[in-house]
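> Any chance you could fold what I've pasted below:
(3 chains)
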Amino acid sequence: MRPDSIDEIFRRAKAGKALFIDRKALTPEFVPDHLSFRDGQIQAVAEVLAPVLHGSKPSNLLLYGKTGTGKTAVARYVQAKLGGEAGPNELTVAYVNARIANTEYRTLAELAKFINLPVDKQIPFTGLSIGEVTERIFAAMQAQKRRVILVLDEIDYLVKSFGDSILYEFTRSGERLAPGFLSLVGISNDLKFKDDLDPRVLSSLSEEELVFPPYTVEELREILTDRAQTAFRPGAASQAAINLCAAMAGSEHGDARRAIDLLRIAGEVAEREGLEEIDDTSIRRASDKMEHDRVDEAIRSLPVQNKAVLLAVSRFREGTNTGELYLAYASLCKRFGLETLTQRRVSGILAELDLLGLIEASVVSKGRRGRTKRIQLLISEEALAKTLSEDTTFGK
DNA sequence: CCTCCACTGGAAACCTAGGCTC
DNA sequence: GAGCCTAGGTTTCCAGTGGAGG
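This is a model prediction of the structure:
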């Protein structure tokens, strides 16, 4: 995050104010030497993937569990161990997050980065058909006799948004890639996505399945204690502070990522304030900051039309409906010199904003006065205004 | 119990930007 | 450069609908 200069770190350490020794231990990328409470899962994943070490194709594998239950961590952990056992020439472990890649095409393009495609068969960022991209990847894998384990994170997003066609291609690629292969480790937050799969894809993909239960608050507490020992200087994070972080993050479902982020940010807040240790206030501030950052980032990365719609929603303090909103939106567009989209499209954008949790939109029937959506802003107007004021289109 | 409003949301057509082949 | 292709965003079209007021 903040690249503290060495001088600064030493200066604070001398003054006894540095709380962190090793901030990395509390970042999402950090893979600890030991993953607590996931021995069973680690062993199961290892057993499924082990055949790769004597050159045969491991079964495809599906990992399920809510966010922050350690699915990605376990996959990374096993991946790191495997990488140590097998040399890089024997095995390629590719990690792609489908939601971050965002489209079917870009998911494939990400995968392609792990495989050395011939210079004349690189994947441009647009212009090729999905089929052509798949073809290029498979051709290169075949030529190089590649053995690939593809860890496909948020596979449910991929299926929900684009269907299972590329998974279908992956699962039936077996013969043509021999003696190389492509094994899939799918990671999903959502069990229901299987309903959308072609039965053939489903049976192939879920040769092995593994469920990750949420962490209990006690488990979170232990995980945090463990990480805090590496991350903070002694005494910087009291047991009480750690307990509060665990309780706050664990209250919904045991989300370890959230708990770890919360503790790290609380540490940063406390350090900035020049405190000797993390107190309750720093933790609560960190929690607010996380929520604020999430919203801020969500708004910032919105396409301009979605921002316009969101801005229109914010004009109605008491909530509104689709028709009224559309008029407000249209006049905003005129004011900012934006193209005015159709009501149908705006309705679609509203659904997207709803999904992001920025607004709440639910269908209500008002009898003779028709059916519409009841739309309400879920974030503070000031936060929205502040974020949008940095936007080139909405300067004021 | 029936009507009929003000939409919803699915489906398909259309548009744009970009790569490919010749 | 012409003429083809695709992905992704948008428009067009329209059947479908929950429930207050009659």
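
> Residue A:121 touches residue A:138, doesn't it?
No. Using Cβ atoms under 8 Å, residue A:121 is not in contact with residue A:138; the gap is 11.1 Å. C-beta coordinates here come from the backbone N, C-alpha and C atoms, glycine included.

> So for the two, which residue has more residues nearby?
Using other Cβ atoms under 10 Å as the criterion, residue A:121 and residue A:138 rank with residue A:138 on top: 19 against 15.

> So in chain A, which helix runs the longest?
Identified as the longest helix of chain A according to DSSP state H is helix A:280-300.

> tell me the mean pLDDT over whichever helix or strand comes after it?
In the C-terminal direction, the helix or strand that comes right after helix A:280-300 (DSSP states H and E) is helix A:304-314. Helix A:304-314 comes out with an average pLDDT of 93.

> Show me which residues of helix A:304-314 are buried.
For helix A:304-314, burial by neighbour count (16 or more other Cβ atoms under 10 Å) applies to A:305-314.

> Using TSV, lay out these together with distance to residue A:101.
Below are the buried residues of helix A:304-314 laid out as TSV (distance: Cβ to Cβ, whole Å):
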residue	distance to residue A:101
A:305	22
A:306	20
A:307	23
A:308	26
A:309	25
A:310	25
A:311	29
A:312	30
A:313	29
A:314	31
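
> Against residue A:213, how distant is the residue in chain A positioned nearest to DNA strand C?
Residue nearest to DNA strand C within chain A (Cβ to the nearest atom of the strand): residue A:367, separated by 1.7 Å. Separation of residue A:367 from residue A:213 (Cβ to Cβ, to the nearest Å): 46 Å.

> Give me the more crowded residue out of those two.
The neighbour comparison of residue A:367 against residue A:213 (other Cβ under 10 Å) goes to residue A:213, with 15 against 6.

> how far away is that one from residue A:253?
From residue A:213 across to residue A:253, the span is 10 Å (Cβ to Cβ).

> Show me the shaky parts of chain A.
Chain A contains residues with pLDDT under 70 at A:1-5, A:8-17, A:85-89, A:192, A:195-196, A:396.

> How about the residues of the stretch 251-396 of chain A by DNA strand B?
Neighbours of DNA strand B within the stretch 251-396 of chain A, by Cβ under 7 Å from any atom of the strand: A:321-324, A:343-344, A:347, A:350-351, A:363, A:367-373.

> Could I have the PyMOL command that selects the buried members from those residues?
Listed next is the PyMOL selection for buried residues among those, using 16+ other Cβ under 10 Å:
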select buried, chain A and resi 321+322+347+350+372+373
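
> picking up where we left off before, pull out the buried residues from the longest helix of chain A.
Residues of helix A:280-300 classed as buried by neighbour count (16+ other Cβ under 10 Å): A:282-283, A:285-287, A:289-290, A:295-296, A:298-299.
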